[in-house]
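In: Give the three-dimensional model of this entry:
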Amino acid sequence: MNPVPSIRRQSASEFRWPPDPHEGFCYNLLSPQALADAASEETGTTVTVAEVCSFFLERKPAAMPRAYREYVTRWAADLEAGRSS
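Out: Residues are numbered from 1 along each chain as shown. Here you go, the predicted structure:
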C-alpha cells in the first residue's frame, strides 16, 4: 500500500511584508501604492511607497527571486517614479 502523499498547504490568502520571494500571487497585481497600503494595514506600521520601491529596486536583478523579478517587470515605471516620493 502506498502512503498518502502529504498535502502542501497553500497560502493563497496570506499576505506579509516583506513579500514572499517565491509566491508573488498575493502582491504582483498590487501597484506600489496599493502594496504599501496593504503592508501598512497588515503590519500595523507605516510602509511608504518609497520603501516598497526601494525594497524591489535595490536588489540585483540577477540574484532577485522570480516573484520579485516579475513584480519589477510589471511595475517598473511606477517603482522608478515612487522611489523618490
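In: Please, which helix or strand holds the closest residue to Pro18 other than its chain neighbours?
Out: Spatial nearest neighbour of Pro18, excluding adjacent residues (CB to CB, 6 or more residues apart in numbering): Phe55 at 6.3 Å. C-beta coordinates here come from the backbone N, C-alpha and C atoms, glycine included. Using DSSP states H and E, Phe55 falls within helix 49-57.
In: Check which element follows that helix along the chain.
Out: Downstream of helix 49-57, the first helix or strand assigned by DSSP H and E is helix 66-83.
In: looking at it, Leu46 is touching Asp37, isn't it?
Out: If you look again at residue 46, you'll see it is Thr, not Leu. No: contact criterion CB atoms under 8 Å: Thr46 and Asp37 do not qualify, at 10.2 Å.
In: list the contacts for the residue most central in space within the chain?
Out: Nearest to the mean C-alpha position of the chain, counting by CA atoms, centre = their mean, stands Pro19 at 3.8 Å. Pro19 sits next to Cys26, Tyr27, Leu35, Ala67, Tyr68, Tyr71 when contact means CB atoms under 8 Å, 6 or more residues apart in numbering.
In: what's the burial count for the residue nearest to Pro18?
Out: Neighbour count for Phe55, taken as other CB atoms under 10 Å: 20.
In: Next: the one 3 residues further on.
Out: Number of residues near Glu58 (other CB under 10 Å) recorded here: 8.
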